[in-house]
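Trainee: Need the 3D shape of this:
(one chain, ligands or ions: 1)
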Amino acid sequence: MSEESGELGAKKPVVTFLGPVASYTHQATLDAFPDSTHTLTPVTTIDDVFASVHAGTATRGVVPFENSSNGSVVFTLDLFADTQRKYPDIVVCAESYVAVQHCLLGRPHLNQHATTPSAPGKAADRRTTAARTGVIESPLSSGAVTPTTSTPHPQKPSARPLADLARITKLYSHPQAWGQCNAFLNTYLKGVERQDVSSTSRAAQLVADDESGTSAAVSSAFAAEVCGLEVLARGIEDRADNTTRFFVIRRREGEEGQEGGAHAAEREWKTLVCFTVDHANPGSLAHSLAVFEKYGLNLTSINTRPSGVENWNYIFFVELRGKREEGTEGPVNGALGELDAHTRTTLPPQPLQLPQNNQIRIQKPIHTLPHTRLLVLIQLPALHPASRDALLEADVRQGMDGYPSQKHISTARTSIYAIPMPTQRADLQLCIRAFWLSFTTNCCSSCLSRSDSLETSTLASALDMSMVGGWNCA
Ligand SMILES: O=C(O)C(=O)C[C@]1(C(=O)O)C=C[C@@H](O)C=C1
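Mentor: Model (predicted):
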């Protein structure tokens, strides 16, 4: 179910977000989806957001993608890279920006009421000093930072504590937040233990639950209100213009929404593409990027993540201004078509034997689904005798839920079909293209244009997999 009944019984589409309530992702979600018309549902992790959209329990999901000062949210990138083929059908359909002003939150009336457990080291020293003098000593109060050889010009925090922080011995936050508040944390809470948690609002919850009163959270003023915490410092981010960008995700084949509003067509669009290249081939990344220039497409960001397959091999994420048109027209389609000749999909290369007798044997299953082995689609080099065919070998047992209906499934160990996938580059030897479903029926190139067949749509989305999403940007 991706819809829930509202007060008047009307179905409201479900939107999931990284929770709990009062996370920055919640704020982004409220900006994009009014809660009067949507059921906004917090989930625990970014992975859970992807899973709910993939499973269809939510029609949309909202995830953090990038912070202006601390960079990419690697959890989200890894889910888009999807080397495990968990979420092949998830695409981006919109983006949203939230100005992130972090606060340090603690239990209320920290000085008067909190119990004081024995704490070792600097925090205990600071407590003793503060208790004796009633003020927090320099540099804790002045914000002065001692220059060192490695950091001759240390950044000065722009915010000062509003309360005594001497008793704080533990900090909770989302890992993204630490790097946005370096100056404040390194000045006023240097050496205090930091614990990563799933979100800043989860951090606030943990502090609210900590009866000792010795922990604090880097979180939002909104979370302070929701959890009944005191703001011990406000605006502790390094940069006043600190902003996080969020993506709205949906299923590739899902219902298209009103993202971008009524005038979306006239507005600018962005597209996110992910791919990997042949790392042994000099210039392969440069060739790939040159394709975008050739089609006049302006790149707005590039990210990499480890391929997860081989050390020092990477998956590249390229964002560009432009919209993928229906069909094959337009510069984005043109560039993606050519990009195919220079790239591999983001799926892990696996050991292959060279094709013999026009067949390819795969040494081991690349991706395993329940009751399924060997789900493989392969692109062959242009000059190879079998170059016009990609062979799919399947070993599928009957009765898989959610996969091709029984008439498409064979208990036979092998079933093969071929589709032409000419490559323009002979030097790209074997290029694994896609593997996540398998069929027993024979299929030819014309199937690709028959939108009514299961094979066709599945193949089409497999071929489309280097496209992570396209959305309207404000
Ligand atoms: O922890 C939260 O509140 C989030 O929504 C996650 C997140 C992120 O991953 O970037 C969002 C905004 C801030 O940059 C810090 C954390």
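Trainee: For the rest of this, base every contact and every neighbour count on C-alpha atoms.
Mentor: Noted.
Trainee: Q155 in helix, strand or coil?
Mentor: State at Q155, reduced to three classes by DSSP: H, G, I helix; E, B strand; the rest coil: coil.
Trainee: Kindly apply the preceding question to D78 instead.
Mentor: When the rule is three-state DSSP, D78 gets the label helix.
Trainee: And L206, by the same measure?
Mentor: What three-state DSSP gives for L206 is helix.
Trainee: For the nearest residue to it once chain neighbours are set aside, give the beta-bridge partners.
Mentor: Nearest non-adjacent residue to L206, counting by C-alpha to C-alpha, 6 or more residues apart in numbering: Y172, 7.8 Å away. Counting by DSSP bridges, Y172 forms beta bridges with Q195, A217.
Trainee: got the residues of the stretch 351-474 of the chain near the ligand?
Mentor: Residues of the stretch 351-474 of the chain found near the ligand (C-alpha under 6 Å from any ligand atom): none.
Trainee: My guess is E66 contacts F247. True?
Mentor: No. Contact between E66 and F247 fails when scored by C-alpha atoms under 8 Å: they sit 9.2 Å apart.
Trainee: When these two are compared, which one has more neighbours?
Mentor: Comparing E66 with F247 by other C-alpha atoms under 10 Å, the one with more neighbours is F247, at 23 against 20.
Trainee: ok, whichever strand or helix holds that one: who's next to it in the sheet?
Mentor: F247 belongs to strand 243-251 when assigned by DSSP states H and E. Paired neighbours of strand 243-251 in the sheet (DSSP bridges): strand 60-67 (antiparallel), strand 90-99 (antiparallel).
Trainee: so which of the ones you listed is the most packed in?
Mentor: Of all these, strand 60-67 carries the top mean neighbour count, a mean of 26, counting by mean count of other C-alpha atoms under 10 Å.
Trainee: wait, does it contact the ligand?
Mentor: Yes. Strand 60-67 lies within reach of the ligand by C-alpha under 6 Å from any ligand atom, at 64, 67.
Trainee: average pLDDT for the strand holding F247?
Mentor: The pLDDT scores in strand 243-251 average 94.
Trainee: I would like the residues contacting it, please.
Mentor: Strand 243-251 is contacted from outside by 25, 28, 50, 53-54, 59-69, 89-100, using C-alpha atoms under 8 Å, 6 or more residues apart in numbering.
Trainee: quick one, phi psi at P42?
Mentor: When read as degrees, to the nearest 10, the backbone of P42 gives phi -70, psi 140.
Trainee: Quick check: it touching F17?
Mentor: Yes. With contacts defined as C-alpha under 8 Å, P42 counts as touching F17 at a distance of 5.1 Å.
Trainee: which residues do these two both contact?
Mentor: With C-alpha under 8 Å, 6+ apart, P42 and F17 have common neighbours H26.
Trainee: and A221, what is it in contact with?
Mentor: 102-103, 231.
Trainee: With distance to the ligand as extra columns, can I get those in a markdown table?
Mentor: A markdown table is the format used below for these (distance: C-alpha to the nearest ligand atom, whole Å):
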| residue | distance to the ligand |
| --- | --- |
| H102 | 8 |
| C103 | 12 |
| V231 | 16 |
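Trainee: Among those, which one sits closest to A177?
Mentor: For the contacts of A221, the closest approach to A177 (C-alpha to C-alpha) belongs to H102, at 8.1 Å.
Trainee: Name the residues of the chain found near the ligand, please.
Mentor: Counting by C-alpha under 6 Å from any ligand atom, the chain sits next to the ligand at 23-25, 64, 67, 73, 174, 176-177, 199-201, 244.
Trainee: if we go to 8 Å?
Mentor: 18-19, 22-26, 63-67, 70, 72-73, 98, 100, 173-177, 180, 198-202, 219-220, 243-245 (C-alpha under 8 Å from any ligand atom).
Trainee: Could you identify the buried members of those residues?
Mentor: 18-19, 22-26, 63-67, 70, 72-73, 98, 100, 173-177, 180, 198-202, 219-220, 243-245 (16 or more other C-alpha atoms under 10 Å).
Trainee: burial measure for R250, as a count.
Mentor: R250: 28 neighbours (other C-alpha under 10 Å).
Trainee: Use 41 as the first number for this chain going forward.
Mentor: Right, with 41 as the first residue, what we last looked at is R290.
Trainee: ok so, going back, now do the contacts for the residue nearest to L246.
Mentor: Y212 touches 234-237, 240, 243-244, 246-247, 255-258, counting by C-alpha under 8 Å, 6+ apart.
Trainee: again, only using 10 Å
Mentor: 144-145, 218, 233-247, 255-259 (C-alpha atoms under 10 Å, 6 or more residues apart in numbering).
Trainee: next one: A244
Mentor: Taking C-alpha under 10 Å, 6+ apart, we find A244 in contact with 60, 62-63, 144-147, 212-213, 250, 255-260, 263-269.
Trainee: Can I get the buried part of those as one PyMOL selection?
Mentor: Buried residues among the contacts of A244 (16+ other C-alpha under 10 Å), as a PyMOL selection:
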select buried, resi 60+62+63+144+145+146+147+212+213+255+256+257+258+259+260+263+264+267+268+269
